[in-house]
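Chemist: sequence? don't have it. structure:
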């Protein structure tokens, strides 16, 4: 099946700094990608829809100025957590619809720890 | 948006036994997907079943869909310890997909 990668797989940063997470579709193009957040032992919560060449669409309650999304190409979307705080510590996962039937393929996730 | 609700929340079985997980949803869908998530990892796509399909197989996996009852089931036959994971159903696609809490399956060797 189609492959989605994320980088880094884990990151530790200090409170107040910004962290960028990359999501790439390796063998297909994705005009749309999705970003999720998952807290321990909980389900995935959709944060935003990343649209290539246009602004991202954020879910209710997600601060767009804190979680900056850039979908600069058909294979890359980035999520930047700005001025990170310990409560932003979570597992961030991206996904993209891919071939053959536009089912959703997920990246391996990025574990963010803010100290 | 469309959220799936998995049942049971947790399931513990012995290796070799079958595991059945259920999913319910509220509104009409065109398709439904099942995913597996190993601890600390991303989701692995297992099966997509369309609304005009009643049953679909993939290896040891069997998925059924009953659109009249708005429910789906995932059967894993002859389970293995490596099947230990959380399983999620996702009605719909893309931005319309919402995930429930999942079923945590533990297969004891």
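Modeler: Yep, it's here. Source: prediction; values computed, not measured. Residues are numbered from 1 along each chain as shown, chains lettered A, B, ... in the order given.
Chemist: Please identify the residue most distant from the middle of chain A.
Modeler: residue A:100 (22.5 Å; Cα atoms, centre = their mean).
Chemist: Can you classify that residue by secondary structure?
Modeler: Classification of residue A:100 by DSSP: H, G, I helix; E, B strand; the rest coil places it in coil.
Chemist: how near is it to residue B:45?
Modeler: Distance, residue A:100 to residue B:45, by Cβ to Cβ, to the nearest Å: 12 Å. (C-beta placed from N, C-alpha, C; glycine too.)
Chemist: same question, residue B:5
Modeler: Residue B:5 is 20 Å from residue B:45, by Cβ to Cβ.
Chemist: Counting by contacts, list what the worst-scoring helix or strand of chain A on mean pLDDT packs against.
Modeler: The helix or strand of chain A with the lowest confidence, counting by mean pLDDT, DSSP states H and E, is strand A:103-106 at a mean of 87. Packing partners of strand A:103-106 (3 or more Cβ pairs under 8 Å, 6 or more residues apart in numbering or on different chains; DSSP states H and E): strand A:90-98, strand B:31-37, strand B:43-50.
Chemist: what about 6 Å?
Modeler: Strand A:103-106 is packed against strand A:90-98, strand B:43-50, with contacts defined by 3 or more Cβ pairs under 6 Å, 6 or more residues apart in numbering or on different chains; DSSP states H and E.
Chemist: now the strands for chain B?
Modeler: B:2-3, B:5-7, B:10-14, B:19-24, B:31-37, B:43-50, B:55-58, B:61-66, B:71-76, B:85-91, B:97-98, B:103-108 (DSSP state E).
Chemist: what residue ranges in chain A are flagged as low confidence?
Modeler: A:1 (pLDDT under 70).
Chemist: Get me the contact residues on it for chain B.
Modeler: A:43-44, A:49, A:93, A:97, A:101, A:103, A:106-109 (Cβ under 6 Å from any Cβ of the partner chain).
Chemist: make it 7 Å
Modeler: Contacts of chain A with chain B, taken as Cβ under 7 Å from any Cβ of the partner chain, map to A:1, A:32, A:34, A:43-44, A:46, A:49, A:93, A:97, A:101-109.
Chemist: Name only those of those residues that count as buried.
Modeler: A:32, A:34, A:43-44, A:46, A:49, A:93, A:97, A:102-109 (16 or more other Cβ atoms under 10 Å in any protein chain shown).
Chemist: just curious, which of those residues is nearest to residue A:60?
Modeler: residue A:46 (10.2 Å; Cβ to Cβ).
Chemist: circling back to that earlier point, okay, now the sheet partners of the least confident helix or strand of chain A, with direction.
Modeler: Sheet pairing here is set by DSSP bridges, and for strand A:103-106 it gives strand A:90-98 (antiparallel).
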